[in-house]
Structures are given as C-alpha cells and as structure tokens.
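1. sharing a sequence plus its predicted fold:
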Amino acid sequence: MATEKSSKSGKSKKQAKPRVHEALRGFEVSIDTFGELKSNLPIEKLNKFLNENVDDKKLAERDDYTELKKSKKKK
C-alpha cells in the first residue's frame, strides 16, 4: 500500500517564536552531537533567574517554606 503525502508534512508554516520572560529574551539552547547543552546565556544568570521566579517543589512541604521564600526575595 502506498503512503500518501499530506500537506502538513512540509514546512509551509513559519514557526513562531515562543513568548518568553523579558529577562530571558534572546535565550537560545541547543544540543550538540555529543548530547551536551549549548547555550548563549551564562549558567549563573539562568540559575539566578530560576531561583527568583520558580518555586522549589521539594521545599514546599516544609513548614517554614513561606519564611524561606520571603528571605530569598529580600536578598
């Protein structure tokens, strides 16, 4: 049985860039042939952004988590 080519298989649509946070504008990441992540943003800046904007699920179970979040924002 022959397979039919669908019109969706081609790249007729231009891929739109995803919406990103202003602090991460221009951030690009790729994986090379050895499986290493290549990025145009220093890892320290990315970690700082994640620490400020993403809640840690493992710490959410602690009783003093709200106090930890408050002290982190003051820094």
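-> Thanks, I have the structure now.
2. now do the contacts for residue 15.
-> By C-beta atoms under 8 Å, 6 or more residues apart in numbering, no residues touch residue 15. No exception for glycine: its C-beta is placed from N, CA and C like everyone else's.
3. how near is it to residue 67?
-> Here residue 15 is placed at a distance of 44 Å from residue 67 (C-beta to C-beta, to the nearest Å).
4. which stretches of the protein have low pLDDT?
-> Scanning the chain with the threshold set as pLDDT under 70 gives 1-13, 71-75.
5. helices along that one, start to end?
-> Per DSSP state H, the chain carries helices over the ranges 43-53, 65-74.
6. return the list of helices and strands in contact with the longest one.
-> Pointing back at helix 43-53 there. Of the remaining helices and strands, those touching helix 43-53 by 3 or more C-beta pairs under 8 Å, 6 or more residues apart in numbering; DSSP states H and E are helix 65-74.
7. try 10 Å
-> Using 3 or more C-beta pairs under 10 Å, 6 or more residues apart in numbering; DSSP states H and E as the contact criterion, the secondary-structure elements in contact with helix 43-53 are strand 37-39, helix 65-74.
8. chain center to the first one: distance?
-> Remark: strand 37-39 is offset 12 Å from the chain centroid, using C-alpha atoms, centre = their mean, to the nearest Å.
9. that strand pairs with which strands, and in what direction?
-> According to DSSP bridges, the neighbouring strands of strand 37-39, each with its direction, are strand 29-31 (antiparallel).
10. quick one on the thing from earlier: out of the helices of the chain, flag the one nearest residue 19.
-> Taking C-beta to C-beta as the criterion, helix 43-53 is the member of the helices of the chain that comes nearest to residue 19, at 14.6 Å.
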